[in-house]
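In: Here is a sequence with its predicted model. Questions after.
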Amino acid sequence: MIQYTKNNGMRIFTIIWIGQLVSLLGGNLFGFAVGIWVLQKTDSITLFALITLCNTLPGLIVAPFAGAIADRYDRRRLMILGDTGAALSTLSVAIIIWSETPAIWPFYLALIFGTIANAFQWPAYHASIPMLVSKEQLGRVNGMIQTGQAIGMLLAPILGGVLVVTIGIAGVILIDFITFAFAVTTLLLVHIPM
């Protein structure tokens, strides 16, 4: 584990940022791909829109509480739990798809759970930044975070549409698991001071 010192804070942040960038891309890719898959299976724009709602609204509702918790508890552990919870959500969706359950509502429950898990992960990530980097580096770090979020938002729909058609939803689920494993591994490599 890389222990924090004043000299390596930016290095630790960069390791975490790369892991979270990969996880964000995988999570956004998965969310979009599941929506496309539901649209293909049901031909219902309403059900597709509900996927987007379930990927957004619960996180907005839980975010204020998650932020308060991130201020009080071990941020690294919260990020690991958030990524793990999102991975469990993905696993739930995989089980639902492979069991060929005719109902769509289990997808919504799984996505709501994953969105809530991510709602705890992001405040912990953002609250870690001032613990790791100096004030002089905050502008650079914020630019990196914004770039990462833009990459996730722009690439996920493009890749999601292409991947659902070429490798199927099972391939997208596998990619999402790999991105979660990568993110958790990067978190296990570093120490974040309280």
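Out: In hand now; what should we look at?
In: May I see the buried residues of stretch 158-171?
Out: Of all the residues in stretch 158-171, those buried under the rule 16 or more other C-beta atoms under 10 Å are Leu159, Gly160, Leu163, Val164, Ile169. The way it works is simple: take the backbone N, C-alpha and C, and place the C-beta from them, glycine included.
In: again, but for stretch 125-145
Out: Buried residues in stretch 125-145 (16+ other C-beta under 10 Å): Tyr125, Ala127, Ser128, Ile129, Leu132, Val133, Val141, Met144, Ile145.
In: Quick one: distance of it to the chain centre.
Out: How far stretch 125-145 lies from its chain's middle: 19 Å, per C-alpha atoms, centre = their mean, to the nearest Å.
In: what does the average pLDDT come to for the helix or strand hosting Phe65?
Out: Using DSSP states H and E, the element containing Phe65 is helix 57-72. Here helix 57-72 scores 89 as its mean pLDDT.
In: got the buried residues for it?
Out: Under the neighbour-count criterion of 16+ other C-beta under 10 Å, helix 57-72 has Pro58, Gly59, Val62, Ala63, Ala66, Gly67, Ile69, Ala70 buried.
In: ok, of the buried residues of stretch 158-171, which one's closest to Met10?
Out: Here the nearest of the buried residues of stretch 158-171 to Met10, counting by C-beta to C-beta, is Leu159; it sits at 29.2 Å.
In: ok, for that closest one, nearest residue in space, not its chain neighbours?
Out: Spatial nearest neighbour of Leu159, excluding adjacent residues (C-beta to C-beta, 6 or more residues apart in numbering): Leu29 at 5.5 Å.
In: Tell me if I'm right that that neighbour and Phe177 touch.
Out: No - using C-beta atoms under 8 Å, Leu29 is not in contact with Phe177, being 11.7 Å away.
In: So if I had to pick from these two, which one is more boxed in?
Out: Neighbour count, other C-beta atoms under 10 Å: between Leu29 and Phe177, Leu29 has more, with 24 against 16.
In: pLDDT below threshold where in this structure?
Out: Where the chain drops to pLDDT under 70, the residues are 1, 3-6.
In: For it, which helix extends over the most residues?
Out: For the chain, the longest helix by residue count, based on DSSP state H, is helix 9-42.
In: Point out the other helices and strands that that one packs with.
Out: In terms of contacts (3 or more C-beta pairs under 8 Å, 6 or more residues apart in numbering; DSSP states H and E), helix 9-42 is packed against helix 45-54, helix 75-98, helix 105-132, helix 138-166, helix 168-188.
In: From the chain's centroid, how far away is that helix?
Out: 5 Å.
In: Show me what counts as buried in that helix.
Out: Result for helix 9-42 [16+ other C-beta under 10 Å]: buried residues 9, 12-17, 19-39.
In: rewinding a little: from the buried residues of stretch 125-145, pick the one nearest Ala183.
Out: The closest of the buried residues of stretch 125-145 to Ala183 turns out to be Tyr125 (C-beta to C-beta; 10.1 Å).
In: ok, now which ones touch Gly27?
Out: Shown in contact with Gly27 (C-beta atoms under 8 Å, 6 or more residues apart in numbering): Ala86, Gly114, Asn118, Gly152, Asp176, Thr179, Phe180.
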